[in-house]
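# Okay, predicted coordinates and the sequence, questions at the end:
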Amino acid sequence: MHHKHTVRSLGLAACLLFGLSAPVSRAAARADTASAQSPAPASQAHGLLGMRLGTGLAGQMVYLQHCAQCHVQSGPSMPGEGRAPTLSGLQQLPPEHIYFELTTGRMQAMAAALPDSQRRAVAEWLGGRPLGSGAAGAANHMANRCPVTTPVAAPTRGDWNGWGNGARNLRYQPAPGFSVSQVPALRLEWAFGFPDGAETYSQPTVIGHRVLVGDDNGFVYSIDARQGCVQWSFRTHAGVRTAPTVAPLTPGGPEAVFFGDMQGYVYALDSATGKAVWSRRVDDQPMVKVTGAPVVADGRLYVGTTTGEEVTAANPNYPCCRTRGTVSALDTASGRIIWKTYMVSEAPKPVGKNSMGTTRWAPAGVGVWSTPTVDTKNGLVYVGTGDAYTYPAAPLSDSIVALDIRTGRVVWHHQDTANDAWLAGCFPGYSFGNCPKVVGPDWDFGDSPILLRVGSRPLLVGAHKGGFVVAVDPDDEGRVVWRKSLTTQVAGPGGVIVFGGASDGRRLFYGLDSGEITALSAGNGQTLWRTVLQSATHRAGISAAVTAMPAAVFAGAWDGVLRAFSAKDGRLLWSFNTAQPFETVNGVKAHGGSMGAPGPTIAEGMVFVGSGYIGVANGMAGNVLLAFAP
């Protein structure tokens, strides 16, 4: 999926640290900007290394002994290979992030032989500061605290709630508070920095002058939308990738803030104070995580899970694979799990040995990476699923799946790519370690299905990494109405359409990782326009979700530039380079970078976007939330 990192097939088999981990890139990204700064001179790079040495010589020794073989500074890759992140790339990450991955995250199996003192030492050496200093993320350690905090009001028409701004996941703002003619006049109002952050991958929710957003160091914040002052913060178990969702705890009751984290926990917070009402780990499989925002309907919270096992399994000593994607319904008041459905119905069991003699398990995979879509008319919950980890691929892999909203029973599904079994580091014809017998193209449905109505006909539209957009009839058990390819080349694991599109009801808008944005007729899939992005620096591909408002479409790209286009003809209306340093309202040192995951949020006459995404494609790190107004 879009969180995966393709790894070098043989050279990474003995890798200890992050070589298989998606949140890290193979490049040092934080220092890059869209203004094409030159690489730091060798003397400066040596100075950085010297600073790291000063934080712990023991950590450097651990790195040199166990990690340096894989995490070289540079070097070409062979065709079909990826590359482990470089030393300088690892040094962009906070020590808490590194330590988490070594102890309970994707690198747990690789670091199992190291004593805890060595894991701490290498995390602090790479992170450049002691573990625990990330407490600076707490609101009471920040400048510019809001003098008063109040509960979040119920969402209204001009707000933006959750990932798709509603249970149908249109990603459309019907009442933006400004017109398309004012888009060229958008100016930066304020910037908010996330202390020691590397990836700003939680999409902000904006309701009643409040911005709710998470960060990769495990904090969720409430921020004043007009001034940028911080109201409260909440510390989670792990980084928060999801967009927060606001809904009542009980019918007619107070509004709560719901979200998930990268250890599989789901939370409900008091919207006025940020205090936890409840938290629950929705699944206890290996390396489980929640990456798609929860969605609420009629007192139930619907949430999917996936896992990092797909990349950890590139180590042939890891017993692959036992994790299955899930969809769960939770009671909003208590967090009680009402039902849970596995996307692979059969429980995994031992099925032999891999080429290194390690026990193989199957079946596994089929993660749910995105936010579910709710169809109250038909009583269904729709999700897109990822590939399988073992061969043969499970029937629900790479599919749009419809679940009964009351019981979680699978009612129907449309599988768009059959036999797609994939692991990091595997490619067709390669059979080392845990690689599946037949390696698929890795064409997950990573976006949330869009539920809309064209005239009298309902449509459910999904897009997958292979570059195909598929419209099915939700009233006719997922019958395909039309199917459209948006690429002329066969897509690899990086994907062509990753986090998905938006719709104004008549048109669909998709960004392409190849560096284009396109509009389709929702009724028949016909291409209405296609615009190629122009960028002087960095790759300008779009894997982040796009966002629409009347007559305009917004998209952030890998080059760090946020752009607005005419929804009518694709003409560029406005752009802003976010890959630069910012003076922040909360006094935190901050820098923008790539935008590769969440899309911008439009609400209350403003545009909000997080900048900084390393991902899998040489992205630029960043730790800033930006607010614009005309």
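Yes, it's here.
# Just the helices from the stretch 51-200 of the chain, written as ranges.
Counting by DSSP state H, counting those that start in this stretch, the stretch 51-200 of the chain has helices at residues 57-66, 87-90, 95-103, 116-127.
# distance of Thr385 from Ala123?
Distance, Thr385 to Ala123, by C-beta to C-beta, to the nearest Å: 34 Å. Placement of C-beta: from N, CA and C, glycine included.
# Pick out whichever of the two has more residues nearby.
Thr385 (32 against 28; other C-beta atoms under 10 Å).
# Tell me the confidence at that one?
On pLDDT, Thr385 comes in at 98.
# How about Leu12?
The model's pLDDT for Leu12 equals 30.
# just Gln69 next, same as before
Turning to Gln69, the model gives it a pLDDT of 61.
# One more: Lys4?
Looking at Lys4, the pLDDT reads 48.
# Could you do His97 as well?
pLDDT at His97 comes out at 82.
# ok, it - contacts?
Residues near His97 by C-beta atoms under 8 Å, 6 or more residues apart in numbering: 23, 127, 198, 216-217, 239.
# you'd agree Gly384 is up against Ile400?
Yes: counting by C-beta atoms under 8 Å, Gly384 touches Ile400, with 5.9 Å between them.
# Leaving out chain neighbours, which residue sits closest to Ser328?
Closest residue to Ser328 apart from its sequence neighbours, by C-beta to C-beta, 6 or more residues apart in numbering: Lys340 at 4.3 Å.
# tell me, how many neighbours does that neighbour end up with?
With other C-beta under 10 Å as criterion, Lys340 counts 15.
# Within the helices and strands, which one has it?
Assigned by DSSP states H and E, Lys340 falls within strand 337-342.
# related to what we said a few turns ago, OK, contacts around the residue nearest to Ser328?
Neighbours of Lys340 in contact, by C-beta under 8 Å, 6+ apart: 282-283, 326-329, 408.
# Return the closest of the residues you listed with respect to Trp422.
Thr326 (19.4 Å; C-beta to C-beta).
# Now tell me which of the helices of the stretch 51-200 of the chain the model trusts least on average.
Across the helices of the stretch 51-200 of the chain, the lowest-scoring stretch is helix 87-90, with a mean of 68.
# how close does the nearest residue to Asp569 once chain neighbours are set aside sit to Ser431?
Of all residues not flanking Asp569 in the chain, Trp529 sits nearest, at 5.4 Å (C-beta to C-beta, 6+ apart). Remark: distance between Trp529 and Ser431 (C-beta to C-beta) = 44 Å.
# Compare these two (neighbour count), which wins?
Trp529 (17 against 13).
# Helix, strand or coil: sort out the more buried one for me.
Here Trp529 is recorded as strand under DSSP: H, G, I helix; E, B strand; the rest coil.
# that older thread, please produce CSV containing the contacts of His97, extended by neighbour count and distance to Thr488.
Below are these laid out as CSV (neighbours: other C-beta atoms under 10 Å; distance: C-beta to C-beta, whole Å):
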residue, neighbour count, distance to Thr488
Pro23, 25, 31
Gly127, 27, 43
Ala198, 28, 34
Asp216, 28, 35
Asn217, 26, 41
Gly239, 26, 36
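# just those residues now: which is nearest Phe554?
Asp216 (22.5 Å).
# thinking again about what came up before, from the contacts of His97, which is closest to Glu96?
For these, the nearest to Glu96 is Asn217 (6.0 Å; C-beta to C-beta).
# Was I right to think the closest one contacts Glu199?
No: Asn217 lies out of contact with Glu199 (C-beta under 8 Å); the separation is 9.8 Å.
# Check the contact lists of those two and give me the overlap.
Gly239.
# Poorly predicted segments of this protein, please.
Under the criterion pLDDT under 70, the flagged ranges of the chain are 1-57, 64, 68-89, 92, 106, 128-130, 133-134, 492-493, 536-538, 616-618.
# so how far is Ala388 from Met287?
16 Å.
# Neighbour count for the two, which is higher?
Neighbour tally, Met287 and Ala388, criterion other C-beta under 10 Å: the higher count belongs to Ala388, 32 against 22.
# before we move on, back to that, what's the closest of the helices of the stretch 51-200 of the chain to Trp369?
Comparison of the helices of the stretch 51-200 of the chain against Trp369 by C-beta to C-beta identifies helix 95-103 as nearest, at 18.6 Å.
# got the angle between the closest one and helix 116-127?
Here the directions of helix 95-103 and helix 116-127 differ by 140 degrees (axes from the mean of the first three to the mean of the last three C-alpha atoms, to 10 degrees).
# Next, the angle from helix 95-103 to helix 57-66.
40 degrees.
# which parts of helix 95-103 are buried?
By 16 or more other C-beta atoms under 10 Å, the buried positions in helix 95-103 come out as 95-103.
# Put together a markdown table for the residues you listed, with distance to Met549 on each row.
Below are those laid out as a markdown table (distance: C-beta to C-beta, whole Å):
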| residue | distance to Met549 |
| --- | --- |
| Pro95 | 40 |
| Glu96 | 37 |
| His97 | 34 |
| Ile98 | 39 |
| Tyr99 | 41 |
| Phe100 | 37 |
| Glu101 | 38 |
| Leu102 | 43 |
| Thr103 | 43 |
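# Closest one to Ser485 out of those, please.
Comparing these against Ser485 with C-beta to C-beta places Glu101 closest, at 36.2 Å.
# I'd like to know which of the contacts of His97 are part of strands.
Among the contacts of His97, no member falls in strands (DSSP state E).
# Let me know the closest of those residues to Leu508.
Pro23 (29.4 Å).
# CA atoms only for stretch 61-68 - export them in CSV, please.
Taking Å, rounded to 0.1, in the frame of the first residue of the first chain, the C-alpha atoms of stretch 61-68 are listed here in CSV:
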residue,chain,number,x,y,z
MET,A,61,28.7,2.0,17.7
VAL,A,62,25.4,0.1,17.6
TYR,A,63,24.5,1.8,14.3
LEU,A,64,27.9,0.9,12.7
GLN,A,65,27.7,-2.7,13.9
HIS,A,66,24.1,-3.5,13.1
CYS,A,67,22.7,-1.0,10.7
ALA,A,68,25.3,0.7,8.6
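# Now do it: distance to the chain's middle.
30 Å (C-alpha atoms, centre = their mean, to the nearest Å).
# Give the buried residues for it.
Buried residues in stretch 61-68 (16+ other C-beta under 10 Å): 62-63, 66-67.
# try stretch 241-260
Quick answer for stretch 241-260 (16+ other C-beta under 10 Å): 241-247, 249, 255-260.
# Figure out the length between the terminal residues of that stretch.
8 Å (C-alpha to C-alpha, to the nearest Å).
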